[in-house]
Structures are given as C-alpha cells and as structure tokens.
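S.K.: requesting a structural model of the entry that follows:
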Amino acid sequence: MNELFEAGKIKPVIEGPYKLDEIHKAFRIFGKGDHKGKIVITM
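M.R.: Okay, the predicted model is just below:
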C-alpha cells in the first residue's frame with residue numbers, strides 16, 4: 001500500500017480542517033457518517 005501512496009496512485013482524503021471552536025460541527029458530520037475521510041481539528 002505504501003508503494004501506491006508514494007507513486008501518487010492513492011491520496012488521503014481529509015474532511016476539514018475544522019477549528020477547535022467548530023468541533024461540534026465536526027462531530028455532527030462524523031456522527032451522521034457524512035464525512036469523506038479523516039476529520040482534522042486544528043488547535
């Protein structure tokens with residue numbers, strides 16, 4: 001799998017980033033299953 005990532009054939013999917021004061025929004029999206037990848041919260 002690492003070879004595919006390094007070759008650029010797969011890319012990580014990140015939902016966000018969300019600011020810390022938007023954490024409620026991020027949890028709501030995650031709870032509904034509406035996210036497309038990892039949810040990132042910045043501090």
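S.K.: so where does Leu4 fall, helix or strand?
M.R.: Here Leu4 sits within helix 2-6, counting by DSSP states H and E.
S.K.: following that helix, which helix or strand comes up?
M.R.: strand 14-19.
S.K.: buried residues, that next one. List them.
M.R.: 16, 18 (16 or more other CB atoms under 10 Å). Where C-beta positions appear, they are placed from N, C-alpha and C, glycine not excepted.
S.K.: strand partners (parallel or antiparallel) of that strand?
M.R.: Paired neighbours of strand 14-19 in the sheet (DSSP bridges): strand 38-42 (parallel).
S.K.: show residues contacting the strand it pairs with.
M.R.: Strand 38-42 is contacted from outside by 12-20, 22-23, 26, 29-30, using CB atoms under 8 Å, 6 or more residues apart in numbering.
S.K.: that older thread, now the helix holding Leu4, how far from the centre of its chain.
M.R.: Centre-to-centre, helix 2-6 and its host chain are 19 Å apart (CA atoms, centre = their mean, to the nearest Å).
S.K.: which helices and strands sit right next to it?
M.R.: Using 3 or more CB pairs under 8 Å, 6 or more residues apart in numbering; DSSP states H and E, no helix or strand is in contact with helix 2-6.
S.K.: not counting stretch 26-34 itself, show me its contacts.
M.R.: 15-16, 18, 35, 39, 41.
S.K.: farthest-separated two in these?
M.R.: His35 and Ile41 (12.2 Å; CB to CB).
S.K.: what's the spacing between the longest helix seen in the chain and its chain's center?
M.R.: Determined from DSSP state H, the single longest helix within the chain is helix 23-32. Relative to the centre of its chain, helix 23-32 is centred 11 Å away, using CA atoms, centre = their mean.
S.K.: okay, the angle between it and strand 14-19?
M.R.: 150 degrees (axes from the mean of the first three to the mean of the last three CA atoms, to 10 degrees).
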